[in-house]
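Engineer: the following comprises the amino acid sequence and a computationally predicted model.
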Amino acid sequence: MKIEKLFALQKELNTRIVKEHHLIDESLADQRKLAFLVELGELANETRCFKYWSKRPPSEKEIVLEEYVDGLHFVLSIGLDMGFTNLQLPNEVEFKQKMDKIELDEMFLSLYQSGSKALLNEDFIQFFDDFLGLGLKLGFTFKEIESAYLDKNLVNHERQDTGY
């Protein structure tokens, strides 16, 4: 995954949205943080990992991946707000092995916690790693995540073209 490229594409989308919606003098940091938390909840809902009372399976992989990259858009935006444009990615195989030892519901709770710290400008790198780890735990590769992000980024631009 070329994370520097994803940051650049997110910056381009953010700049477009700010310009087209006349938000140049607005601080959007709080809205982006809240949007991330909402997206994380939507992702958890699609995985159904916390619904111990239900026998229904998780949503299809494509739906879960789309929700995941919706969250990634906001993770990148939060990182940009904090001055990040690139990060060192962990070794995918070793990182996945580490994530396989953690239960999915625990990962969501951990991400909410690390997200809360990152959202207070305390530890974005841990937050970012937790989010990547969640993607691996959900069964996605870095390549799948990147590809889905690129696809959704195009959709987000198309939405701006049509007045979404």
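Structural biologist: Structure received. Numbers count the residues shown, from 1 in each chain.
Engineer: CA atoms for contacts and neighbours, from now on please.
Structural biologist: OK.
Engineer: and the helix or strand that contains V93, which residues are buried?
Structural biologist: Counting by DSSP states H and E, the element that carries V93 is helix 92-99. For helix 92-99, the neighbour count (16 or more other CA atoms under 10 Å) marks 95-96, 99 as buried.
Engineer: burial of E60, as a residue count?
Structural biologist: 10 (other CA atoms under 10 Å).
Engineer: what residues are up against H73?
Structural biologist: 10, 149 (CA atoms under 8 Å, 6 or more residues apart in numbering).
Engineer: for G71, see how far away R16 is.
Structural biologist: 19 Å (CA to CA, to the nearest Å).
Engineer: mind checking which of these two has more residues around it?
Structural biologist: G71 (23 against 14).
Engineer: isn't that one right up against L40?
Structural biologist: Yes: applying CA atoms under 8 Å, one finds G71 in contact with L40, separated by 6.2 Å.
Engineer: what's the burial count for the residue lying closest to L76 once chain neighbours are set aside?
Structural biologist: Leaving aside its chain neighbours, L76 sits nearest to F7 (6.0 Å; criterion: CA to CA, 6 or more residues apart in numbering). F7 has 21 neighbouring residues, counting by other CA under 10 Å.
Engineer: re earlier: and for G71 and L40, which residues touch both?
Structural biologist: Going by CA under 8 Å, 6+ apart, no residue sits against G71 while also sitting against L40.
Engineer: got phi/psi on Q126?
Structural biologist: Here is the backbone geometry of Q126 (degrees, to the nearest 10): phi -60, psi -40.
Engineer: picking up where we left off before, against E62, how distant is the residue nearest to L76?
Structural biologist: From F7 to E62 the distance is 23 Å (CA to CA).
Engineer: return whichever strand or helix holds I17 as PDB; C-alpha atoms alone will do.
Structural biologist: In this structure, I17 sits in helix 3-20 according to DSSP H and E. The C-alpha trace of helix 3-20 is given here as PDB (Å, rounded to 0.1, in the frame of the first residue of the first chain):
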ATOM      1  CA  ILE A   3       0.100   5.400   2.100                       C
ATOM      2  CA  GLU A   4       1.700   8.600   0.900                       C
ATOM      3  CA  LYS A   5      -0.400   8.400  -2.300                       C
ATOM      4  CA  LEU A   6      -3.500   7.900  -0.200                       C
ATOM      5  CA  PHE A   7      -2.800  10.900   1.900                       C
ATOM      6  CA  ALA A   8      -2.300  13.000  -1.200                       C
ATOM      7  CA  LEU A   9      -5.600  11.800  -2.700                       C
ATOM      8  CA  GLN A  10      -7.400  12.500   0.500                       C
ATOM      9  CA  LYS A  11      -5.900  16.000   0.600                       C
ATOM     10  CA  GLU A  12      -7.100  16.600  -2.900                       C
ATOM     11  CA  LEU A  13     -10.600  15.400  -2.000                       C
ATOM     12  CA  ASN A  14     -10.700  17.500   1.200                       C
ATOM     13  CA  THR A  15      -9.500  20.600  -0.700                       C
ATOM     14  CA  ARG A  16     -12.200  20.100  -3.300                       C
ATOM     15  CA  ILE A  17     -14.900  19.700  -0.700                       C
ATOM     16  CA  VAL A  18     -13.700  22.800   1.300                       C
ATOM     17  CA  LYS A  19     -13.600  24.900  -1.800                       C
ATOM     18  CA  GLU A  20     -16.900  23.700  -3.400                       C
END
